[in-house]
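J.: pasted the sequence and its predicted model underneath.
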Amino acid sequence: MKVIDVGCGPGSITLGFARAVAPGDVVGVDFQKSQVEQASASSKAKGVTNIRFEVADACKLPFADESLDAVFAHAVLWHLSDPARALKEFRRVLRPNGIVGIRDCDWGKRICAPTTQLLDKWWDLTVRVRQINGGDPFFGRHIGKLLQDSGFKGIETSESSWTASAKEEVSLCASFLKAQLQGFSTTALANGLMCKYDVEAVAAEIDKWASQQDAFYSDTYCEAVGWK
């Protein structure tokens, strides 16, 4: 098989695909050059030879029509203002009977406990910031219909969750949430939704949350597969 991982990030999922389809070929693409460089270095360090990484736009893939067997995108489409355009591109590069797999978050069931007034305010603000940036924080629930509207068939949908409750999981989650805070705060500051002191306060509140014995976090993911 020839597989493409769209929005591959550091390549952790892409490397799994390379092991699964070897000696088939796997390509990871990402819009950010730094992510592609990191993924390339990781694959070389692990001696994986049936994989390569390229900088590319999900809506403008550098592949010929009907040249791939499978397209995968994890936590990508919910960032896009026009995910249907990306799905049309995925279908273009797939061979007849090729498979597409999509997994995206849906914040309709996001849980953080124990929570505080400041954290509740921040969660609400992240939804607004995601929307200002052109994405859809409730995109996951629409994946199946979008695949159908894009011409895919045999669509199967499911749901799973990512949770953090053990100490190491919560610590990792807090690091992710603070990294997300830094990214989102750029938009929030530019639109007058926060000041720099608010950003510092939220970061401190996340650390405080992570230090509690009963800290718990959960994100819901919606998945779908379809065939061309």
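T.: Looks like it arrived, so ask away. Numbers count the residues shown, from 1 in each chain.

J.: state the distance from the residue nearest to residue 116 when sequence neighbours are not counted to residue 181.
T.: Of all residues not flanking residue 116 in the chain, residue 205 sits nearest, at 6.2 Å (Cβ to Cβ, 6 or more residues apart in numbering). C-betas here are computed from N, CA, C, even on glycine. Per Cβ to Cβ, to the nearest Å, residue 205 is found 10 Å from residue 181.

J.: which neighbours do those two share?
T.: Common neighbours of residue 205 and residue 181 (criterion: Cβ atoms under 8 Å, 6 or more residues apart in numbering): residue 122.

J.: residue closest to the middle of this structure?
T.: A centroid search over the chain (Cα atoms, centre = their mean) returns residue 75, at 1.8 Å, as the residue closest to the centre.

J.: residue 72 sits in which helix or strand?
T.: Assessed by DSSP states H and E, residue 72 sits inside strand 68-74.

J.: kindly report the same for residue 106.
T.: strand 94-113.

J.: could you do residue 225 as well?
T.: strand 216-227.

J.: tell me the angle of that strand relative to strand 94-113?
T.: Orientation of strand 216-227 against strand 94-113 (axes from the mean of the first three to the mean of the last three Cα atoms, to 10 degrees) gives an angle of 170 degrees.

J.: re the thing from before, wait, the residue nearest to the centre of the chain sits on residue 6?
T.: No. The criterion here is Cβ atoms under 8 Å, and residue 75 misses it with residue 6 at 10.6 Å.

J.: look up phi and psi at residue 205.
T.: phi -70, psi -40 (degrees, to the nearest 10).

J.: which ones are touching it?
T.: 116, 118, 119, 122.

J.: correct me if wrong: residue 123 contacts residue 108.
T.: No. Residue 123 is not in contact with residue 108 according to Cβ under 8 Å; the separation is 11.9 Å.

J.: quick one: the helices in this structure?
T.: Secondary structure of the chain (DSSP state H): helices at 12-21, 33-45, 83-93, 117-132, 143-149, 167-190, 196-210.

J.: residue 155: which of those helices is closest?
T.: Nearest to residue 155 among the helices of the chain is helix 143-149 (5.1 Å), distances taken as Cβ to Cβ.

J.: average model confidence for the closest one?
T.: Taken as a whole, helix 143-149 has an average pLDDT of 96.

J.: single out the most deeply packed of the helices of the chain.
T.: helix 83-93 (a mean of 20; mean count of other Cβ atoms under 10 Å).

J.: could you check how far that helix is from the centre of its chain?
T.: 17 Å (Cα atoms, centre = their mean, to the nearest Å).
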